[in-house]
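Student: sequence first, predicted coordinates after that:
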Amino acid sequence: MSDSAAPVPAASAPHDFIRDLVAADLASGRTPRIHTRFPPEPNGYLHIGHAKSICLNFGIAEQFGGVCNLRLDDTNPTREETEYVDAIIADVRWLIDGWADDRIGLKPAGARPVASGDGPESDFQQAPVIGAAPAGVALEPFYASDYFDALFEFATRLIRKGLAYVCDLSAEETERYRGSPDRPGMDSPFRTRSVEENLDLFTRMKGGEFPDGARTLRARIDMTSPNIWLRDPVLYRIRHSEHHRTGRQWSLYPLYDFAHCLSDYLEGITHSICTLEFEVHRPLYDWILSSLDLPRTLPRQFEFARLNLGFTVMSKRKLLQLVNEGLVSGWDDPRMPTLSGLRRRGVPARAVRAFVQGTGVTKFNAISDLALFEHVVRDELNRTATRRLAVLRPLKLVLTNLAVDETHEFPAVNNPGDESAGTRPVRLTREVYIERDDFQEVPPPKFFRLRPGGEVRLKYACIIRCDEVLKDATGQVIELRCTADLDSRTGGPNAGKKVKGTIHWVSASESVEAEVRLYDRFFTEEEPEADGRDFKSVLNPKSLEILAARVEPALARPESGVRFQFERLGYFWADPRDSQPERPVFLRTLGLKDTWAKDAAKP
RNA sequence: UGGCCGAUGGUGUAAUGGUAACACAGGGGUCUUUGAAGCCCUUAUUCAUGGUUCGAAUCCAUGUCGGCCAGCCA
């Protein structure tokens, strides 16, 4: 196999069996260019499983100098809505932004392919304008519904060739005639209708003359095929319902198998990449295209295993159920595996891409480890997040050797991995808050933080010693009285003094209150539906915890879009929906790794 | 009792007839004004049985296990 002329990917570029096939097609000249597509049905929100398809299709376009069309596969008017169309477009743009956004195939708004009809074959060459925008022209994605005219003509051609017929069997009869996997089907009594009668009936179906379900258009293939999808599959069904784009113009709609391969063809797709469940449809995909005697190179279908992730559910049906039953706040609830949920949670698109790349592309039905996802998110955020101090569960601590109005200012680094991020001042006052967890009156072994009589460093400031523990009537610790050793500050005579623990803190008087929402995994089981159990029976009751936290003044008006690391706690950002400048609301994207908690939990 | 597809450490992926490797997870150490991060070390893998071959994770056969397919959904 020669690879000289093809744009050979760098050694570090992702490499998998589909990319290998694409490279081989380029090398052999089967396709002079690469054109993929991402074709979601607008009947729900995109989730992280779709991210794999997006990354594969756009990634191949990016890697091989091709284009990837965004196409809404809207052939079923009863399930699709414009709300979903808009969400899908936004999610795709978010995920590919800055990476493959120059590879997205769009078209001038309103552009349509030339219908096949009786015109010259070259009409198809003028089908949709791909990619770059003519000046002043708005762009939109491709829609399968834009091809309804062309598709109807293709169906007519199939009828003329005797390869499709109008069938009057009911849905139940059709099912019965189809047989079963281990038993051949029987020919429909309408299989031998004349071309003229089929043409007449099909035209009248289009005219809206017959009620829903009265007739279908079927391919004439082989009712005895061991592959069910070759047993005269239905190509068109009658549906008198409103389509979100074409309105009431149509009363019959093509099915997936007929629409998809031809949509691919019309758009000039070279590689039609889908998930494993369509493997058995491939012979039908090829049958339809090759039956039409089309002049251009035909697209080919390739299948890969969909992405599954532990501790979540992925099907649109179940996600819709969570939304409808109010178990989450919406499709963009930060606990949802939807792209809009991940985005709202603060997960960078780059991390989603890194995760998808880390899972590889195979034909093995795997469940990816949530730990890998969390790893790539932390990896990305650790490099980019701005460090800040915040106290989630405040415990008052009084530095008795400081005067009431005494303050000391210390520089705090904004990002230890990025010197150019600089520092900001933090101010120590007589009263501060520390994390409740950072004090233990009766500490377990190897507890490094504060204890009665013990010492600890306040991050960026100085070492303190705990002199006295104040409690309320119930025995609850309500205040710590401590002494600050200001000489242990950076540059001070005791600067080199070592203590085991360093804890975070905020000034009581200068910090501000902020709502903080902590998210945890949504299910308590890695496979919520294992053994046929109801996934709603294993919801994690602690997947959301809301706290009144104290944050340093630099967080009072968080810049939108900026990721923070609250030191020693985790990665947070201001909720793009609920946060307001004077009332910040922080969402925890992900906690820091906590090996102490892990050790403490060991027997 | 049909057809198609798959099986490599705990998880996922690579090795394209020639030394089974990488990431995550796990374990140990080091460093540390984040019990984070970093750095160093480390445990652990070819579904089974035959065959072809100088040589098999890879090719062939059989078996086992798993997934998908009987929507007028996609």
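Tutor: Cool, got the structure.
Student: so how far is the lowest-mean-pLDDT helix or strand in chain A from its chain's centroid?
Tutor: None of the helices or strands of chain A scores lower by mean pLDDT, DSSP states H and E than strand A:107-108, at a mean of 83. Computed by C-alpha atoms, centre = their mean, to the nearest Å, the chain-centroid distance of strand A:107-108 equals 25 Å.
Student: and it, what does it pack onto?
Tutor: Applying 3 or more C-beta pairs under 8 Å, 6 or more residues apart in numbering; DSSP states H and E, we find strand A:107-108 packed against strand A:139-140. Using the backbone N, CA and C atoms, a C-beta is placed for each residue, glycine as well.
Student: backbone dihedrals for the nearest residue to residue A:463 once chain neighbours are set aside, please?
Tutor: In space, and not counting its chain neighbours, residue A:463 is closest to residue A:488: 4.1 Å by C-beta to C-beta, 6 or more residues apart in numbering. Phi and psi for residue A:488, reported as degrees, to the nearest 10, are phi -90, psi 0.
Student: wait, residue A:488 sits on residue A:494?
Tutor: Yes. Judged on C-beta atoms under 8 Å, residue A:488 makes contact with residue A:494 at a distance of 4.1 Å.
Student: need the three-state assignment for residue A:327.
Tutor: Recorded secondary structure, residue A:327: coil (DSSP: H, G, I helix; E, B strand; the rest coil).
Student: contact partners for it?
Tutor: Contact analysis of residue A:327 by C-beta atoms under 8 Å, 6 or more residues apart in numbering lists A:321, A:536, A:539.
Student: helix or strand for the first one, which one?
Tutor: In this structure, residue A:321 sits in helix A:316-324 according to DSSP states H and E.
Student: starting at the chain centroid, how far to that helix?
Tutor: Centroid separation for helix A:316-324 versus its chain: 15 Å, with C-alpha atoms, centre = their mean.
Student: give the buried residues for it.
Tutor: Using 16 or more other C-beta atoms under 10 Å as the test for burial, helix A:316-324 gives A:316, A:319, A:322, A:323.
Student: which residues of the stretch 451-600 of chain A lie near RNA strand B?
Tutor: When proximity is defined by C-beta under 7 Å from any atom of the strand, the stretch 451-600 of chain A lies next to RNA strand B at A:457, A:459-462, A:488-490, A:495, A:498, A:501-504, A:565, A:567-568, A:592-596, A:598-599.
Student: check what pLDDT residue A:139 gets.
Tutor: Predicted confidence (pLDDT) for residue A:139: 87.
Student: surely residue A:160 meets residue A:195?
Tutor: Yes. Proximity of residue A:160 to residue A:195 meets the contact threshold set by C-beta under 8 Å, at 6.0 Å.
Student: joint contacts of the two?
Tutor: Common neighbours of residue A:160 and residue A:195 (C-beta under 8 Å, 6+ apart) do not exist.
Student: buried residues of stretch A:212-223, list them for me.
Tutor: Buried residues in stretch A:212-223, counted by 16+ other C-beta under 10 Å: A:215, A:216, A:217, A:218, A:219, A:220, A:221, A:223.
Student: and the gap between the first one and residue A:231?
Tutor: Okay, so that is residue A:215. For residue A:215, the distance to residue A:231 equals 18 Å [C-beta to C-beta, to the nearest Å].
Student: same question for the fifth one.
Tutor: Counting by C-beta to C-beta, the gap from residue A:219 to residue A:231 is 9 Å.
Student: which of residue A:488 and residue A:494 has more neighbours?
Tutor: Of the pair residue A:488 and residue A:494, residue A:488 is the one with more neighbours under other C-beta atoms under 10 Å, namely 21 against 12.
Student: residues contacting the more buried one?
Tutor: Contacts for residue A:488 were tallied using C-beta under 8 Å, 6+ apart; they are A:457, A:462, A:463, A:494, A:495, A:497.
Student: list the contacts of the first one.
Tutor: So the one you mean is residue A:457. Counted by C-beta under 8 Å, 6+ apart, residue A:457 has contacts A:463, A:464, A:488, A:499, A:501, A:502, A:503.
Student: can we see that at 10 Å?
Tutor: In this structure, residue A:457 makes contact with A:463-464, A:485, A:488-489, A:497-503, A:505, judged by C-beta atoms under 10 Å, 6 or more residues apart in numbering.
Student: check the third one too.
Tutor: Applying C-beta under 10 Å, 6+ apart to residue A:463 gives the contacts A:455-457, A:482-489, A:492, A:494-495, A:497-499, A:501-502.
Student: hmm, 6 Å instead?
Tutor: A:455, A:457, A:485, A:488, A:499 (C-beta atoms under 6 Å, 6 or more residues apart in numbering).
Student: same check on the fourth one?
Tutor: By C-beta under 6 Å, 6+ apart, residue A:494 lies in contact with A:487, A:488.
Student: likewise residue A:370?
Tutor: Contacts of residue A:370 by C-beta under 6 Å, 6+ apart are A:310, A:311.
Student: ok, so of the contacts of residue A:327, who is nearest residue A:381?
Tutor: Closest to residue A:381 out of the contacts of residue A:327 is residue A:539 (26.3 Å), distances taken as C-beta to C-beta.
Student: let me know the pLDDT of the nearest residue to that closest one once chain neighbours are set aside.
Tutor: In space, not counting the residues next to it along the chain, residue A:539 is nearest to residue A:523; the distance is 6.3 Å by C-beta to C-beta, 6+ apart. According to the prediction, residue A:523 has pLDDT 97.
Student: quick one, phi psi at residue A:523?
Tutor: Here is the backbone geometry of residue A:523 (degrees, to the nearest 10): phi -120, psi 150.
Student: distance of it from RNA strand B?
Tutor: 16 Å (C-beta to the nearest atom of the strand, to the nearest Å).
Student: same deal with residue A:43?
Tutor: From residue A:43 to RNA strand B the distance is 7 Å (C-beta to the nearest atom of the strand).
Student: if I've got this straight, residue A:71 is in a strand?
Tutor: Yes. Checked against three-state DSSP, residue A:71 lies within a strand.
Student: that one touches residue A:40, doesn't it?
Tutor: No. Counting by C-beta atoms under 6 Å, residue A:71 stays clear of residue A:40, with 8.2 Å between them.
Student: give me the nearest residue to the residue in the stretch 151-300 of chain A positioned nearest to RNA strand B, chain neighbours excluded.
Tutor: Closest to RNA strand B within the stretch 151-300 of chain A is residue A:181: 3.0 Å, counting by C-beta to the nearest atom of the strand. Nearest residue to residue A:181, sequence neighbours excluded (C-beta to C-beta, 6+ apart): residue A:228, at 6.5 Å.
Student: next one: phi and psi at the one you found?
Tutor: Backbone torsions of residue A:228, given as degrees, to the nearest 10, read phi -50, psi -30.
Student: next one: whichever residue of the stretch 351-500 of chain A sits closest to RNA strand B from residue A:17, what distance?
Tutor: Here the stretch 351-500 of chain A gets closest to RNA strand B at one residue, residue A:360, 2.8 Å apart by C-beta to the nearest atom of the strand. According to C-beta to C-beta, residue A:360 and residue A:17 sit 10 Å apart.
Student: my read is that residue A:367 contacts residue A:307, right?
Tutor: No. Between residue A:367 and residue A:307 there is no contact under C-beta under 6 Å: 9.1 Å.
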